[in-house]
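Undergrad: Got a predicted structure here, sequence first:
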Amino acid sequence: QGRTPHPFRWPARSPALPGRRGGRSPMDGAEAAAGLPGEAAEKNGTDASEEQEKEVIQKFRRYDKNGDGKLSFDEFRELLTSEGLSSYHPFILFSLTDKNDDGEIDYGEFVRFARTVQTPLIQASPGKPLPLRRLCTRAVGEPHYLHQLAFDSAQSAGSHLGGFFHSDDGSKFYVKFPGLPPLHDNDAYSKNIFSSLLEKPRDFFDPGDSGEGGKQSALVRRQTKSEVLVSKLYAMAGVDAAVMRLVHVEGTEEDGPVGCWSRNQDYEDINQPTMIGLPGLKEGFAADAWLANWDVVGNGAPDALNLKRTTDGRAFRLDFGGCLQYRAQGTDKSTAGCPFVADSVAEVVNLRRYNYPLQNITPADISVGVAKIAAVPDEAIRDVVNDVLGKDAAYGETTIGDILVGRKHTLQKQFPPPATMKVSSKRGVGFYTRVAETFLKGREGKDPANVLHITALGNAIPIAAAVSSKMEQEQLGTIVKVSTACQAMEKNLCGQISITIHRCSCSGS
């Protein structure tokens with residue numbers, strides 16, 4: 001009672017990034033915090049110092065206002081913003097920390113998150129206290145500098161210069177610099193190229209947009225930063241997708257080549273028919289449209305497609321070069337007659353029309369995804385855009401942040417939030433059937449609801465179940481989820497039910 005839960009439950013996530021396709025690379029603490037399997041997660045779970053443990057306990061208790069051993073999303077956000085974190089950090093971190101997907105963070109989840117992130121930092125700076133802000137920025141992904149990394153080996157595939165590196169705390173990951181020619185399976189030569197990049201970065205950068213002489217152009221630089229931005233926006237919307245960090249060369253943060261850090265996880269290359277029905281595919285579609293991800297599926301054989309299947313059977317998105325205002329090769333989407341604008345999201349129609357796995361996505365599916373995007377405040381969207389893009393946030397006479405906020409509101413108008421009908425035992429099945437029909441059919445001056453939540457307590461549960469079944473019999477909706485629980489009421493336990501119905505496309509336009 002009185003708690004404000006997160007507006008929606010985040011899907012179980014296993015963030016990862018494309019380096020080599022398939023396979024797994026060693027993880028750093030942030031990856032372990034993200035819940036990825038591996039040795040790092042097991043080791044880091046037991047190494048935190050007593051001093052750090054006390055700090056974690058104190059912070060958790062301070063913000064657990066009612067002392068129930070759980071943090072609601074609002075409590076979690078208050079904790080992080082009190083540490084000076086940006087407004088968008090809580091949305092990413094909540095999805096990484098809420099392991100059991102119940103919309104709250106319990107003490108065990110909170111401690112595990114802090115331990116797995118802070119341990120490698122303690123090892124790198126022994127005896128030095130590490131504030132929660134440092135731990136959280138580590139998990140979300142702060143920029144790396146190339147001089148802080150040590151080269152391990154060359155890439156074996158890929159269309160850009162890339163290689164495997166480690167940092168002084170033992171973290172290992174893949175780094176690529178888009179726009180620079182690739183070097184495959186030649187460790188010595190690749191190491192020399194990266195050394196030259198570190199010593200004379202401007203020799204590898206073309207301040208114009210042509211990228212002549214095998215240099216990274218200013219256009220590719222902007223597009224690379226946008227890929228990192230999109231990875232964070234997907235995470236903020238609770239979508240299983242690649243998570244990236246920028247890699248700079250010190251002294252050329254604003255006028256030199258930029259790379260991106262990435263990590264791998266085990267996933268399967270699958271064909272387009274196999275993608276249909278994957279958990280997370282439909283749920284993430286609204287974000288695909290919001291971010292104008294024209295290449296969400298991709299083209300070609302399974303190993304060339306951008307939608308993968310994780311080891312836990314979920315849809316996983318990677319490769320964001322064709323998002324926001326960019327087409328995959330860097331040209332502006334306006335050249336194809338479909339500009340990236342605030343007041344129209346044509347991708348809602350076009351992505352379903354031209355991508356076979358997305359053709360069966362319904363307005364109800366989109367409404368669920370839009371509700372997740374709507375839960376992210378405008379301020380948080382603008383903050384992450386400015387943090388990642390900096391001066392490149394400007395776009396014509398507006399900004400990428402303003403366009404994304406406008407697209408969010410456009411989607412909200414087109415796909416209103418789910419409707420809720422509370423069922424009481426004071427009325428019968430007939431009454432609530434008529435009410436449910438009104439929600440799903442719409443009425444004069446009121447559009448139909450794409451999603452209807454029917455809730456009931458105690459003796460009203462059979463009524464809710466009967467009404468839901470009636471909606472299916474009349475082909476007005478499909479029951480997609482049923483949740484049951486017990487609620488304490490006046491010292492007694494009372495059963496409760498929540499039934500989610502998606503409006504059938506055949507029931508109206």
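TA: Yes, it's here.
Undergrad: ok, which stretches of the stretch 401-509 of the chain are strands?
TA: Using DSSP state E, counting those that start in this stretch, the strands found in the stretch 401-509 of the chain span residues 419-423, 451-457, 477-489, 492-503.
Undergrad: State the number of residues packed around Thr478.
TA: Residues lying near Thr478 (other C-beta atoms under 10 Å) number 16. (Glycine included, C-beta is placed from N, CA and C.)
Undergrad: Ok, Val228 next?
TA: 24.
Undergrad: again, but for Asp387
TA: 16.
Undergrad: which phi and psi does Asn306 have?
TA: Main-chain torsions, Asn306, degrees, to the nearest 10: phi -100, psi -10.
Undergrad: Please work out which of the strands of the stretch 401-509 of the chain is packed deepest.
TA: strand 451-457 (a mean of 22; mean count of other C-beta atoms under 10 Å).
Undergrad: Quick check: mean pLDDT of that strand?
TA: Strand 451-457 comes out with an average pLDDT of 96.
Undergrad: ok, that strand: who's next to it in the sheet?
TA: strand 419-423 (parallel), strand 492-503 (antiparallel) (DSSP bridges).
Undergrad: Could I get the contacting residues of Phe415?
TA: 286, 363, 366-367, 370, 450 (C-beta atoms under 8 Å, 6 or more residues apart in numbering).
Undergrad: What of Leu324?
TA: 226, 229-230, 291-292, 340, 400.
Undergrad: try Ser159
TA: With C-beta under 8 Å, 6+ apart, Ser159 has these contacts: Pro182.
Undergrad: quick one, phi psi at it?
TA: According to degrees, to the nearest 10, Ser159 has phi -100, psi 0.
Undergrad: ditto for Ala150
TA: Dihedral angles (degrees, to the nearest 10) for Ala150: phi -110, psi 130.
Undergrad: I figured it hits Phe165, correct?
TA: Yes. When contacts are counted by C-beta atoms under 8 Å, Ala150 is listed as touching Phe165 (6.2 Å).
Undergrad: More neighbours: which of the two?
TA: Each of Ala150 and Phe165 has its neighbours counted (other C-beta under 10 Å); Phe165 has more, 21 against 11.
Undergrad: picking up where we left off before, the strands of the stretch 401-509 of the chain: which one's closest to Gly69?
TA: Shortest distance between Gly69 and these, using C-beta to C-beta, is found for strand 477-489: 15.6 Å.
Undergrad: list the helices and strands that closest one packs on?
TA: Packing partners of strand 477-489 (3 or more C-beta pairs under 8 Å, 6 or more residues apart in numbering; DSSP states H and E): strand 451-457, helix 461-473, strand 492-503.
Undergrad: make it 7 Å
TA: helix 461-473, strand 492-503 (3 or more C-beta pairs under 7 Å, 6 or more residues apart in numbering; DSSP states H and E).
Undergrad: Tabulate those (a markdown table), appending mean pLDDT.
TA: Formatted as a markdown table, those follow (pLDDT from 0 to 100):
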| stretch | mean pLDDT |
| --- | --- |
| helix 461-473 | 97 |
| strand 492-503 | 91 |
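Undergrad: any chance of the ones you listed in TSV, plus distance to Phe415?
TA: As requested, these are exported to TSV (distance: least, C-beta to C-beta, whole Å):
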stretch	distance to Phe415
helix 461-473	20
strand 492-503	11
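Undergrad: what's the closest of those to Phe60?
TA: Using C-beta to C-beta, those put strand 492-503 closest to Phe60, at 27.5 Å.
Undergrad: Report the distance from that closest one to the chain centre.
TA: A distance of 28 Å separates the centroid of the chain from that of strand 492-503, by C-alpha atoms, centre = their mean, to the nearest Å.
Undergrad: Can you name the helix or strand that Val384 falls in?
TA: helix 378-389 (DSSP states H and E).
Undergrad: Need the CA coordinates for that helix. CSV is fine.
TA: These are the backbone C-alpha positions of helix 378-389, laid out as CSV (Å, rounded to 0.1, in the frame of the first residue of the first chain):
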residue,chain,number,x,y,z
ASP,A,378,11.5,13.6,-21.5
GLU,A,379,14.3,15.0,-19.4
ALA,A,380,16.0,11.6,-19.2
ILE,A,381,15.8,11.2,-23.0
ARG,A,382,17.4,14.7,-23.5
ASP,A,383,20.1,14.0,-20.9
VAL,A,384,21.3,10.7,-22.5
VAL,A,385,21.3,12.4,-25.9
ASN,A,386,23.4,15.3,-24.7
ASP,A,387,25.8,13.0,-22.7
VAL,A,388,26.6,10.8,-25.6
LEU,A,389,26.4,13.1,-28.6
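Undergrad: Against which helices or strands is that helix packed?
TA: Short answer (3+ C-beta pairs under 7 Å, 6+ apart): helix 378-389 packs on helix 218-236, helix 400-414.
Undergrad: repeat that for 10 Å
TA: helix 89-97, helix 218-236, strand 398-399, helix 400-414 (3 or more C-beta pairs under 10 Å, 6 or more residues apart in numbering; DSSP states H and E).
Undergrad: Comparing the ones you listed by mean pLDDT, which bottoms out?
TA: helix 89-97 (a mean of 80).
Undergrad: circling back: for the strands of the stretch 401-509 of the chain, which one sits closest to Arg443?
TA: Of all those, strand 419-423 sits nearest to Arg443, with 12.0 Å by C-beta to C-beta.
Undergrad: quick one: that closest one to chain centroid distance?
TA: Per C-alpha atoms, centre = their mean, the centroid offset for strand 419-423 relative to its chain is 29 Å.
Undergrad: which outside residues touch it?
TA: 367, 429, 431-432, 435-436, 438-440, 448-457, 460-468, 497-499, 501, 503 (C-beta atoms under 10 Å, 6 or more residues apart in numbering).
Undergrad: Outline the domain layout of this structure.
TA: 53-117, 141-232+241-265, 270-328+347-415, 419-503 (the TED database).
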